[in-house]
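Trainee: Predicted coordinates and the sequence they were generated for:
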Amino acid sequence: MENSNEQNPLNNQTKASLPIGIFDSGVGGLTVYRALHNRLPNEHFIYLGDTARVPYGTKSLATVERYAIENAEFLASHGIKILVVACNTASALALPKIREKIGIDVVGVIGPGARKAVAMTRDRQNETNQKIAVIATEATVSSNAYALSIHQAEETAVVYQTACPLFVPLAEENWTKEPETVSIAKKYLEKIKEFQPDALVLGCTHYPILREVIQQTVGENVTLIDSGEACAEEVEQLLDFKELKNPQKIEGERTLCDDLDHFYVTDAAERFARVAERFLGSQPAKLEAIELY
Ligand code: DGL
């Protein structure tokens, strides 16, 4: 499990009532927020989308590390019990540095996504060809983080990775069905179709927004693995293990983006709210634009 432990001065009960911090370069982390919210309805969330500096996937290691640390420190300063790095690029490049800087548990998306893909190929038993494809940003693919993590879980797995950089702006625009998106998906995913994997890891948290078009392009036989869903499962396990689930039951029905969750962006709050509404069904009740640097 991707987490780090440091001493925390708060007692467990006080700590358990703190929110969960989540960050991404933009709207992609909303896919992780949704998975966490569905799984953990008694938790409160603080979400940071670094919309002023998106995309991260085409930037250098030093830059992604710097951005990721600034995001993590901002969320840590708001008093969170756990940090979810809802960005594959930051998880692939900056997790060790983030852990060094903040004294709370950190969960990324790469390890959970890789383990889920391996478990899925195992479930296929005799029908598995142990082929796992990964689509991600250029920075995540170059880091080789997915291949390393998959091979840690299954040495004999065959991994094919490809970068799909245009998927990030298409997701940010919420162009989920446009003909341009369909033809870009065909071009990017052609080699993956030929590779015929058991599983395709959506190794960028923006990609589940384009899930339908990706599934149609690669065919129904390929199981899509959402690294955000996998991450949410591991966050729940970690909270159970540490007895850090919020003990206070939230009365009434929780909805996505209700006023118990706080959203911050570094630019273009209105645009973020529009995409959030189309993707999650409602605009964040609490949304603020901030300057981080
Ligand atoms: N959503 C992010 C990821 O999971 C980053 C996309 C980007 O900023 O390039 O990699």
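Mentor: Right, received. Where do you want to start?
Trainee: Could I get the contacting residues of the residue positioned nearest the centre of the chain?
Mentor: Nearest to the mean C-alpha position of the chain, counting by CA atoms, centre = their mean, stands residue 86 at 3.2 Å. Neighbour list for residue 86: 22-24, 28-29, 31-33, 109, 205, 228, 231 [criterion: CB atoms under 8 Å, 6 or more residues apart in numbering]. All C-beta spots, glycine's among them, are computed from the backbone N, C-alpha and C.
Trainee: do residue 41 as well
Mentor: Residues near residue 41 by CB under 8 Å, 6+ apart: 250, 254.
Trainee: Repeat that for residue 147.
Mentor: Listed by CB under 8 Å, 6+ apart, the contact set of residue 147 reads 134, 159, 161.
Trainee: ok, for residue 44, nearest residue in space, not its chain neighbours?
Mentor: residue 19 (4.0 Å; CB to CB, 6 or more residues apart in numbering).
Trainee: Any figure for the gap between that neighbour and the ligand?
Mentor: 21 Å (CB to the nearest ligand atom, to the nearest Å).
Trainee: Got the confidence number for residue 7?
Mentor: In this model, residue 7 is scored at 50, pLDDT.
Trainee: Tell me the spatial nearest neighbour of residue 261, not counting adjacent residues.
Mentor: Leaving aside its sequence neighbours, residue 261 sits nearest to residue 45 (CB to CB, 6+ apart; 4.5 Å).
Trainee: List phi and psi for that neighbour.
Mentor: phi -130, psi 140 (degrees, to the nearest 10).
Trainee: For residue 256, see how far away it is.
Mentor: Note on residue 45: its distance to residue 256, by CB to CB, to the nearest Å, is 10 Å.
Trainee: of these two, who's got more company?
Mentor: Between residue 45 and residue 256, counting by other CB atoms under 10 Å, residue 45 is the more crowded of the two (21 against 17).
Trainee: just checking, the more buried one touches residue 18?
Mentor: No: applying CB atoms under 8 Å as the test, residue 45 and residue 18 come out as separate, 10.9 Å apart.
Trainee: got any residues that touch both of these two?
Mentor: Counting by CB under 8 Å, 6+ apart, nothing touches both residue 45 and residue 18.
Trainee: how about the helices in the stretch 151-293 of the chain?
Mentor: Under the criterion DSSP state H, counting those that start in this stretch, the stretch 151-293 of the chain contains helices at 167-172, 179-195, 211-218, 227-241, 269-280.
Trainee: Contacts for the longest one next, please.
Mentor: Yep, that's helix 179-195 we're talking about. In contact with helix 179-195 (CB under 8 Å, 6+ apart) are residues 131, 133, 135, 160, 162, 164, 166-167, 170, 175, 200, 210, 213-214, 216-219, 222.
Trainee: Need the helices of the stretch 151-293 of the chain in TSV (columns: mean neighbour count, distance to residue 79 and mean pLDDT).
Mentor: Shown next, in TSV, are the helices of the stretch 151-293 of the chain (neighbours: other CB atoms under 10 Å; distance: least, CB to CB, whole Å; pLDDT from 0 to 100):
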stretch	mean neighbour count	distance to residue 79	mean pLDDT
helix 167-172	22	29	91
helix 179-195	15	40	97
helix 211-218	18	34	98
helix 227-241	21	16	95
helix 269-280	17	23	91
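Trainee: Out of the ones you listed, flag the one nearest residue 74.
Mentor: Among the helices of the stretch 151-293 of the chain, the nearest to residue 74 by CB to CB is helix 269-280 (15.6 Å).
Trainee: Show me what that closest one is packed against.
Mentor: Helix 269-280 is packed against helix 30-39, strand 262-265, strand 287-289, with contacts defined by 3 or more CB pairs under 8 Å, 6 or more residues apart in numbering; DSSP states H and E.
Trainee: number of nearby residues for the closest residue to residue 101 other than its chain neighbours?
Mentor: Distances taken as CB to CB, 6+ apart put residue 69 closest to residue 101, at 5.4 Å, once the chain neighbours are dropped. Using other CB under 10 Å, residue 69 has 17 other residues around it.
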